[in-house]
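[1] Here is my input, please return the structure:
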Amino acid sequence: MNTFKYQKDDNGIVVITMDMNGPVNAINDEFYREMSEALDTLEKETDLSGVVFTSAKDTFFAGGDLNMLMAMEPGDERKIFDTVEANKSLFRRLEKLPVPVVAAINGAALGGGYELCLASNYRVCVDNPRIEIGLPEVSLGLLPGAGGVVRLTNLVGLEAALPMLLEGKKVRPQQALKTGLIDATVQSKDELISHCKAWLVNNKDNGEVAIQPWDQKGFKIPGGDINRPSITQIVAMAPHMLLKKTRGLLPAPEAILETAVQAVTVNFDTALKIESRKFASLPVTPEAKNMMSAFFFQLNQINGGGSRPDVKTKFTFNKVGVIGAGMMGQGIAAVAAGLGIQVVLKDVSIDAAEKGKAYTAKVYDKKIARGRATEQDKEQALSLIIATDNDEDLKGCELVVEAVFEDMSLKHKVLKGSEQFLTEDGIWASNTSTLPITHLAEPSHKPENFIGLHFFSPVDKMPLVEIICGKKTSDATLAKAFDFVQQIKKTPIVVNDSVGFFTSRTFASQLQEAATMVSEGIHPVRVDNLGKAIGMPVGPLTVNDEVSLTIGIKVRETQVAAGLIKAEDDRWPKGNKLIEKLVKEHKRGGRYHGEGGYFNYVDGDKAIWPQLLDMYYDPTVEISDSDIKDRLLFINVIESLLCLEQGVLKSVADANIGSIFGIGAPIWTGGYIQFVNSYGLERFQARCEELAEKYGERFKAPAIVGKKIAAGELFL
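    Down below sits the predicted model:
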């Protein structure tokens, strides 16, 4: 053993401290070798009384080797199965040791890390709220393949295990203790090993603690097995509920459900083998490759500072100003204050500012009701927000975020009146979603300190912030903005300046395409339903109703008036004319404005506005479901590719994470650019040609696709 440190004390207790090569402990060839040697030694011990597994790293154990899984192709299923079975046999040997095994969890135990804990007889964790425990493999298009599905189902029962497995829930130590995922907590790392050893000593004469519950005679799964009526009912209903959520687009949840059901149907070792077979089928699927690429490799690239300039100093913000206490401003204030930053929330009147501050109380009231915060947390956050109507109260702010209406002259006025109160090296940010940062920065005395911070609504729930660099934005300003976004625990993507940037122009394209289809005579319910069928959270027409049809018109009119775009340069003339008619002639501005847009809303029910059908629906129009779905999906992909081609996007990772976290790209795609990789570039180009011939030049594949094909490259 080289990276598993093996220490035996006078009581016959062996502590194995995992310190594998690399930043984390992970299931890979090194793990297989080290664990095999450790088990060989343990099985030969003559006076062994117990084993403790812990980690020398900040995390306990990170999980499997995704690089290996990403390399697997269709036809490699047997190889994957054999590898999984070999690793799984190690955990089975571990739990068959004649002495109890304790998992001393000093840091995050996720995926394979928690599967190691499940193979232990007793699990102890440091009570640190930063530590996460769980089996999140489903979020990567996989299932827990080292016994996680079967052991968790046997440990807590099918009903309790399914939400953990199907949603990939990660819980903190106290919640893990409450739900039975761990057995005890200690207050500090210093107490961890001594607690584990004390438990082993206290149980040295208790032979049962060395035998896993599922290996004990007469064991019954909590909640019952397949023969219990309540479990039979869950098994009957679960597939329908799952299909409603995944729409049949994600193989992993289905495989997890099938494996968990087998865990309450067949014997333990047979269930483990079924789990291996199910696991082996997943890494070769495009869905898994897309999700591993986006949610692990590219997300880590972004969170690791891949888009941050090489500015060595990492900046921490203590005082931030927010101008505009409306929906966006109040959300930014709530998030920042909740993380210990003093916030000056400024509006045109004290009443408006105080109303914005009150939003923080509402956010915390909901958290308190769910047990995620305390009254003390609420009071602390509120104490950090200063509501004001006076620009001078912004004095000393290291950052000011403007969150007023999308009006160039108004934003210029706000900038001129308050920029002077920033600290000497403070930065100014606009929360604009569409107006170019370079133009907004024109009145600034320090345009190099001006940047865009595009938050998404609702701010306290949406994880993304789009950082937009103007032509004069300095690297120092970008680095500070990046640091602020990470300080408030959001995910930053970085883009260059343009009209609509990346997320807004891509998001708008799907709304305009949906409107165009309605204008062509396609039934709006069909458009919405097929949008959901490709994995959109809700249909595109419903989204447009929610975000406001009026805003889209005002934004376009503002851009035309400012000379940013030409009125005649419209790729969706029919769709935009339809939206304009709804808003201006029929006063159908969307749900936000009281009246619906495409839909009517009565007593919580939603139905198509009948006059819309009278004006546009043509039952004689023939178009396939596949064409509708591809139009809705491909138009987003094409717009993303154009942003990459035009230099608006700085990286493929920013495109993929931004499209998923910011504008609702179906997660199975791995993001709109990654979708092209898995679909196949030549195939994508050909399908674009088909769509362009039928529905217009806007569907032609951008030139960057042809260049990648010629070079034999993917979008990486």
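[2] the strands in the stretch 501-650 of the chain, which residues?
    599-602, 605-608 (DSSP state E, counting those that start in this stretch).
[3] Pick the most deeply packed of those strands.
    Per residue and on average, the most neighbours among the strands of the stretch 501-650 of the chain fall to strand 599-602, with a mean of 16 (mean count of other C-beta atoms under 10 Å). Every C-beta, even on glycine, is put in place using the N, C-alpha and C of the backbone.
[4] How far away from the center of its chain is that strand?
    Its chain's C-alpha centre and that of strand 599-602 lie 31 Å apart, by C-alpha atoms, centre = their mean, to the nearest Å.
[5] Which elements pack onto it?
    helix 540-547, strand 605-608 (3 or more C-beta pairs under 8 Å, 6 or more residues apart in numbering; DSSP states H and E).
[6] Of the strands of the stretch 501-650 of the chain, give the one that comes closest to Gly157.
    Among the strands of the stretch 501-650 of the chain, the nearest to Gly157 by C-beta to C-beta is strand 605-608 (37.3 Å).
[7] What's the mean pLDDT across that closest one?
    Averaged across strand 605-608, pLDDT comes to 91.
[8] confidence score at the nearest residue to Gln512 once chain neighbours are set aside?
    Excluding the flanking residues, the one nearest Gln512 by C-beta to C-beta, 6 or more residues apart in numbering is Trp572, at 3.8 Å. Trp572 carries a pLDDT score of 94 in this model.
[9] Quick check: Trp572 vs Val543, distance?
    As judged by C-beta to C-beta, to the nearest Å, Trp572 and Val543 stand 16 Å apart.
[10] my guess is Arg123 is in a strand, correct?
    Yes. Under DSSP: H, G, I helix; E, B strand; the rest coil, Arg123 falls within a strand.
[11] so which of the strands of the stretch 501-650 of the chain comes closest to Thr503?
    strand 599-602 (24.3 Å).
[12] For the closest one, the averaged confidence score.
    pLDDT averaged over strand 599-602 gives 91.
[13] Outside of that strand itself, list whatever touches it.
    The set of residues that contact strand 599-602 without belonging to it, under C-beta atoms under 8 Å, 6 or more residues apart in numbering, is 541-542, 545, 591, 606-609.
[14] Let me know the closest of those residues to Asp10.
    Thr542 (68.2 Å).
[15] Dump the helices and strands packed on strand 599-602 to JSON lines, plus distance to Ile27.
    Shown next, in JSON lines, are these (distance: least, C-beta to C-beta, whole Å):
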{"stretch": "helix 540-547", "distance to Ile27": "40"}
{"stretch": "strand 605-608", "distance to Ile27": "47"}
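[16] can you map out the strands along the stretch 1-150 of the chain?
    4-8, 13-18, 26-27, 50-55, 63-64, 101-105, 109-110, 122-126, 133-134.
[17] which regions of this protein lie under the pLDDT threshold?
    Scanning the chain for pLDDT under 70 picks out nothing.
[18] quick one, longest strand in it?
    strand 422-430 (DSSP state E).
[19] tell me how far that strand is from the chain's mean position?
    30 Å.
[20] Name the residues that touch the helix or strand following it?
    Next along the chain after strand 422-430, taking DSSP states H and E as the criterion, comes helix 437-440. Here helix 437-440 makes contact (C-beta under 8 Å, 6+ apart) with 408, 411-412, 415, 430, 432, 450-452, 468-473, 497, 562, 564.
[21] Restricted to buried residues, select those in PyMOL.
    In PyMOL, this line selects whichever of the contacts of helix 437-440 come out buried by 16 or more other C-beta atoms under 10 Å:
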select buried, resi 408+411+412+415+430+432+450+451+452+468+469+470+472+473+497+564
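[22] Which one of the strands of the stretch 1-150 of the chain lies nearest to Glu37?
    strand 4-8 (7.3 Å).
[23] Who are the packing partners of the closest one?
    strand 13-18, helix 29-44.
[24] same for the shortest one, what does it pack against?
    It refers to strand 13-18. Partner elements for strand 13-18 (3+ C-beta pairs under 8 Å, 6+ apart): strand 4-8, helix 29-44, strand 50-55, helix 189-202.
[25] And stretch 232-239, what's buried?
    So, applying 16+ other C-beta under 10 Å, buried residues of stretch 232-239: 234-235, 238.
[26] nope, stretch 297-316 is what I was after
    Buried, per 16+ other C-beta under 10 Å, within stretch 297-316: 297-299, 301-302, 307-308, 311, 315.
[27] cool, and stretch 410-429?
    Quick answer for stretch 410-429 (16+ other C-beta under 10 Å): 411-412, 414-415, 418-419, 421-422, 426-429.
[28] which one of those is nearest Arg172?
    Distances from Arg172 to the buried residues of stretch 410-429, taken by C-beta to C-beta, are shortest for Ala429, at 32.0 Å.
[29] got the contact list for that closest one?
    Ala429 neighbours (C-beta under 8 Å, 6+ apart): 399-402, 450-453, 481.
[30] Would you mind putting these into JSON lines with distance to Arg93 and secondary structure alongside?
    Shown next, in JSON lines, are the contacts of Ala429 (distance: C-beta to C-beta, whole Å; DSSP: H, G, I helix; E, B strand; the rest coil):
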{"residue": "Leu399", "distance to Arg93": "55", "secondary structure": "strand"}
{"residue": "Val400", "distance to Arg93": "60", "secondary structure": "strand"}
{"residue": "Val401", "distance to Arg93": "56", "secondary structure": "strand"}
{"residue": "Glu402", "distance to Arg93": "61", "secondary structure": "strand"}
{"residue": "Phe450", "distance to Arg93": "61", "secondary structure": "strand"}
{"residue": "Ile451", "distance to Arg93": "56", "secondary structure": "strand"}
{"residue": "Gly452", "distance to Arg93": "56", "secondary structure": "strand"}
{"residue": "Leu453", "distance to Arg93": "53", "secondary structure": "strand"}
{"residue": "Ala481", "distance to Arg93": "51", "secondary structure": "helix"}
